[in-house]
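**Q** model this:
(one chain, ligands or ions: 4)
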Amino acid sequence: MCGIVGVSVIEGTAGQPAFDGLVTLQHRGQESWGIAVAGPGGVRVRRALGFASRSACGDPPDDDPARDGLSAWRAGRVAVAHTRYSTTGATVPENSQPFVHEARRIAVAHNGDLTNAAELRARLGREGYGFRSTSDSEIILALLAGTGETPGTLLGTAPGPKDRHPADTGPIVAGVARATRVLRGAYSVVCAVGDHLVAFRDPHGLRPLVAGFAEGRAVVASETCTLDALGCTEQREVEPGEVLVLRDGRPAGTHRVAEPAPRSFCVFEHLYLTRQDSRIGGTRTGATRVAFGERLALESPADADLVVAVPASGVPAARGYARAAGLPLAGALVRDEQVGRTFIEPDLRRRERKLRRKFSVGAPVDGARVVVVDDSMVRGSTMRRIVALLRESGASEVHVRIAAPPLIAPCHYGVDLVDTGELVATGRESGEVCRIIGATSLAYLSVAGMRHTLGSAAGEGLCEGCITGDYPTRVSPARDKSRLVTVPAPRRTAAARLR
Ligand SMILES: O=P(O)(O)OC[C@H]1O[C@H](OP(=O)(O)OP(=O)(O)O)[C@H](O)[C@@H]1O
Ligand SMILES: NC(=O)CC[C@H](N)C(=O)O
Ligand code: SF4
Ligand SMILES: [Mg+2]
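**A** Ligands and ions are numbered 1, 2, ... in the order given. Here you go, the predicted structure:
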């Protein structure tokens, strides 16, 4: 998943709006965050492990020099920022983004996962690029920036006198086009190139990317909630295969650089990933999830007294289920807001530890027959915990309804569904899963019901890989999050060391 933001302004600084925008994307990644600001004198970058929203950058005194140069990174009219949910490479500082090439003044933030990362990294390593991380995203920077010996695709776009690039965006567009010719898999990218903000997206449009405009300010982000928060009234999607160049807070050029391919937008963005006030194709995902819940109630009713929602992202589906079933919606469960999302935690130990304190019962459900509704079930850990809590608080029956079909296959495009052995529904009938989570009954939304709700009769326009096992691009059967660790260390040439 990951959240990315890019900001270009005509005056003032891009750093603060980029940081403020990043905080609206906290739900897309909790492992690390970073921001790079391009201004006179080069690119400044700050990266740290943990939540962006809990860092000191949110509210520092504007001119306090003691704060580790915090005010310095605010200077500069182009900024890119990233909040990470890892899919390739461990949760370590060197894998946090944006990745920056100081000498070429390029900073890159990427959402997605490259399916040919190992092959590209080996090739770029042979050509002399000195990788500093084990993330696939650094490959995009390597392609664009190159090394002293091997020019990157963006070489030739270096800033001219007075730190300004030529107004002609042709070389940047051509450079991105050359890079996209070799990239495979999912990539939504924002990139600061001198005083340009450049955004581009893979030809299938697997991951989201939107652009918005306000007076003197252009923003590119993963979701529309960021555009809304930054006051962008004019909004549009960055099209699959498009490169959009922005400068001085407005568009400077747009081109389609990749061959057209069937659109394959991640269906899990509709089901769970995206914030409920963000819009996909003009519809708020909260409204879509209400409709999933209504459909689920029609497909799988339950003989029950009340509906309980699993907060946070299960709430709209539960509201829809309750409405269609004619049952009261009880706010029985309380979520500890400090814990954040648990599914996107990078390892089992952290997920389980956080889950233990994430939920509690706010209103007992003594003797009631309860339907508990969540937006999705992945490893089953959340639901096992919720069912136990509801039984402890007196529920006589707990019927589980999931407003998504079972997830049974890995994701290759930026969601950390790697090991199918971890997925509770893989190779199991729903009866067996029901026993594992301790429920009275269990039902999922059907694939047909999901598609019908999204107005896509046969799943056209969608990636449903983790649900059906059919992927829109060629993928290797095994998916290993550490796969770049084993790619031989590149030969460090003198030029590469100079970076
Ligand atoms: O079956 P599991 O592996 O436990 O994963 C499924 C749960 O994970 C997600 O919630 P998450 O805690 O990530 O975020 P939320 O609080 O925003 O709903 C999703 O909404 C389910 O509740
Ligand atoms: N979820 C993502 O988009 C992750 C981006 C990149 N593949 C990483 O692991 O850092
Ligand atoms: S495999 Fe699943 S999570 Fe991955 S992009 Fe496709 S629908 Fe989304
Ligand atoms: Mg949840």
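**Q** Could you tell me the per-residue confidence at residue 421?
**A** Looking at residue 421, its pLDDT is 89.
**Q** scratch that, residue 483 is what I was asking about
**A** Note on residue 483: pLDDT of 84.
**Q** next one: residue 52
**A** Reported pLDDT for residue 52: 89.
**Q** same question, the one 3 residues further on
**A** Per-residue confidence (pLDDT) for residue 55: 75.
**Q** check contacts around it.
**A** Going by C-beta atoms under 8 Å, 6 or more residues apart in numbering, residue 55 touches 33, 48. C-beta here means a position set from N, CA and C on the backbone, and glycine is covered the same way.
**Q** ok, now how distant is it from ligand 1?
**A** Shown here: residue 55 relative to ligand 1, a distance of 20 Å by C-beta to the nearest ligand atom, to the nearest Å.
**Q** before we move on, what about residue 326?
**A** Separation of residue 326 from ligand 1 (C-beta to the nearest ligand atom) stands at 25 Å.
**Q** Can you tell me the number of residues neighbouring that residue?
**A** Using other C-beta atoms under 10 Å, the number of residues around residue 326 comes to 8.
**Q** in the protein, which helix or strand is least confident?
**A** Lowest on mean pLDDT, DSSP states H and E among the helices and strands of the chain sits helix 494-497, with a mean of 42.
**Q** who's in contact with residue 208?
**A** With C-beta under 8 Å, 6+ apart, residue 208 has these contacts: 111, 188, 222-223, 237, 265-266, 269, 274, 280.
**Q** What about ligand 3: which of those residues touch it?
**A** Among the contacts of residue 208, proximity to ligand 3 is found for residue 266 (C-beta under 6 Å from any ligand atom).
**Q** For PyMOL, write a command that selects the buried ones of the contacts of residue 208.
**A** The buried residues among these can be selected in PyMOL (16 or more other C-beta atoms under 10 Å) with this line:
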select buried, resi 111+188+222+223+237+265+266+269+274+280
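**Q** Give me the subset of the contacts of residue 208 that lies in helices.
**A** Among the contacts of residue 208, no member falls in helices (DSSP state H).
**Q** Return the subset of the contacts of residue 208 lying in strands.
**A** Using DSSP state E, the subset of these located in strands is 111, 188, 237, 265-266, 280.
**Q** for the residues you listed, which one is nearest residue 383?
**A** The shortest approach to residue 383 among the ones in strands among the contacts of residue 208 belongs to residue 266, at 22.3 Å (C-beta to C-beta).
**Q** what about the closest residue to the closest one other than its chain neighbours, distance to ligand 3?
**A** Excluding the flanking residues, the one nearest residue 266 by C-beta to C-beta, 6 or more residues apart in numbering is residue 463, at 5.1 Å. For residue 463, the distance to ligand 3 (C-beta to the nearest ligand atom) stands at 3 Å.
**Q** And for residue 264?
**A** From residue 264 to ligand 3 the distance is 7 Å (C-beta to the nearest ligand atom).
**Q** Likewise for residue 232?
**A** With C-beta to the nearest ligand atom as the criterion, residue 232 and ligand 3 are 26 Å apart.
**Q** the helices in the stretch 351-499 of the chain, which residues?
**A** Along the stretch 351-499 of the chain, counting by DSSP state H, counting those that start in this stretch, helices occupy 381-392, 430-437, 447-454, 465-468, 494-497.
**Q** The stretch 101-250 of the chain too?
**A** Under the criterion DSSP H, counting those that start in this stretch, the stretch 101-250 of the chain contains helices at 117-126, 137-145, 170-182, 224-229.
**Q** Mean neighbour count, the ones you listed: which tops it?
**A** Comparing these by mean neighbour count (mean count of other C-beta atoms under 10 Å), helix 137-145 comes out on top with a mean of 27.
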